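**Student:** Fold the following, please.
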Amino acid sequence: MSHSISRTQCIAAYHLEADFFDALCESELIRVVQNEDDWYLDEDDLDLLERFAYLHYDLEINVAGLEVIDRLLRQIEDLQQKNRRIS
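**Tutor:** Predicted coordinates for the structure are as follows:
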């Protein structure tokens with residue numbers, strides 16, 4: 001069973017700006033669940049958060065660009081799965 005990590009913990013652990021984390025949530029690049037006191041990200045999705053943080057902070061890609069990259073990567077993965085099924 002997976003665990004979750006709070007928005008506050010994510011921001012502190014990955015040195016993120018709160019606005020950036022919130023923008024990822026608003027654009028549905030990461031999925032969070034609201035609990036009593038905070039928003040929580042499933043630990044299984046931390047790799048996505050790390051990827052988006054790297055692209056944003058190190059490569060200076062804005063959230064709109066992250067949305068495009070995410071959509072293209074998902075399309076590539078889908079095509080690869082279809083290719084494996086037909087080969």
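**Student:** Quickly list what the residue nearest to Val32 when sequence neighbours are not counted is bridged to.
**Tutor:** Residue nearest to Val32 in three dimensions, not counting chain neighbours: Trp39, with 4.3 Å by C-beta to C-beta, 6 or more residues apart in numbering. Using the backbone N, CA and C atoms, a C-beta is placed for each residue, glycine as well. Using DSSP bridges, the beta-bridge partners of Trp39 come out as Gln34.
**Student:** how much space between Trp39 and His15?
**Tutor:** For Trp39, the distance to His15 equals 18 Å [C-beta to C-beta, to the nearest Å].
**Student:** can you tell me which residues contact Ser6?
**Tutor:** When contacts are counted by C-beta atoms under 8 Å, 6 or more residues apart in numbering, Ser6 touches Asp38, Trp39, Tyr40, Leu41.
**Student:** could you redo the last one with a cut-off of 6 Å?
**Tutor:** Neighbour list for Ser6: Asp38, Tyr40 [criterion: C-beta atoms under 6 Å, 6 or more residues apart in numbering].
**Student:** State the phi and psi torsions of it.
**Tutor:** With angles defined as degrees, to the nearest 10, Ser6 sits at phi -70, psi 160.
**Student:** Can you give me the buried ones in the strand or helix carrying Ile69?
**Tutor:** Per DSSP states H and E, Ile69 falls inside helix 63-86. Within helix 63-86, the residues scored as buried using 16 or more other C-beta atoms under 10 Å are Val63, Leu66, Ile69, Asp70.
**Student:** same thing with stretch 34-45?
**Tutor:** Trp39, Tyr40, Leu41, Asp45.
**Student:** Closest to Asp19 out of those residues?
**Tutor:** Trp39 (13.6 Å; C-beta to C-beta).
**Student:** that older thread, any chance of the buried residues of helix 63-86 in JSON lines, plus distance to Ala53 and pLDDT?
**Tutor:** Converted to JSON lines, the buried residues of helix 63-86 look like this (distance: C-beta to C-beta, whole Å; pLDDT from 0 to 100):
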{"residue": "Val63", "distance to Ala53": "12", "pLDDT": "98"}
{"residue": "Leu66", "distance to Ala53": "10", "pLDDT": "98"}
{"residue": "Ile69", "distance to Ala53": "13", "pLDDT": "98"}
{"residue": "Asp70", "distance to Ala53": "13", "pLDDT": "97"}
